[in-house]
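Engineer: Provided below for reference: sequence and predicted model.
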Amino acid sequence: MLTSFFKDICSSKRYHCRMKCNPDEHAIKYCADWTICCKPKRIQFREKKW
């Protein structure tokens, strides 16, 4: 059950393992070394050009 707790979801280039998240990020899970997996709060999408 601990393996699902430490699932490596911080492998994306937008996720980062840190001791403290930046103000524009929020915590998702713990990484394997007990740091926090941080994800940006808002992802900006490009508008479609018609």
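Structural biologist: Happy to help now that I have it.
Engineer: spit out the contact partners of residue 27.
Structural biologist: Going by CB atoms under 8 Å, 6 or more residues apart in numbering, residue 27 touches 21, 36, 37, 38, 39. Where you see a C-beta, it was placed from the backbone N, CA and C, and this is true even at glycine.
Engineer: only whichever of these are buried, select them in ChimeraX.
Structural biologist: Buried members of those, defined by 16 or more other CB atoms under 10 Å, are picked up in ChimeraX with:
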select :21,36,37,38,39
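Engineer: max pairwise distance over the contacts of residue 27: which two?
Structural biologist: Put simply, by CB to CB the two of these set farthest apart are 36 and 39, 10.1 Å from each other.
Engineer: intersection of neighbour lists for those two?
Structural biologist: 27, 28.
Engineer: can you map out the strands along this structure?
Structural biologist: Listed from the start of the chain, the chain has strands (DSSP state E) covering 16-18, 25-30, 36-40.
Engineer: including mean pLDDT and distance to residue 48, could those strands go into a markdown table?
Structural biologist: Shown next, in a markdown table, are the strands of the chain (pLDDT from 0 to 100; distance: least, CB to CB, whole Å):
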| stretch | mean pLDDT | distance to residue 48 |
| --- | --- | --- |
| strand 16-18 | 89 | 29 |
| strand 25-30 | 90 | 27 |
| strand 36-40 | 91 | 22 |
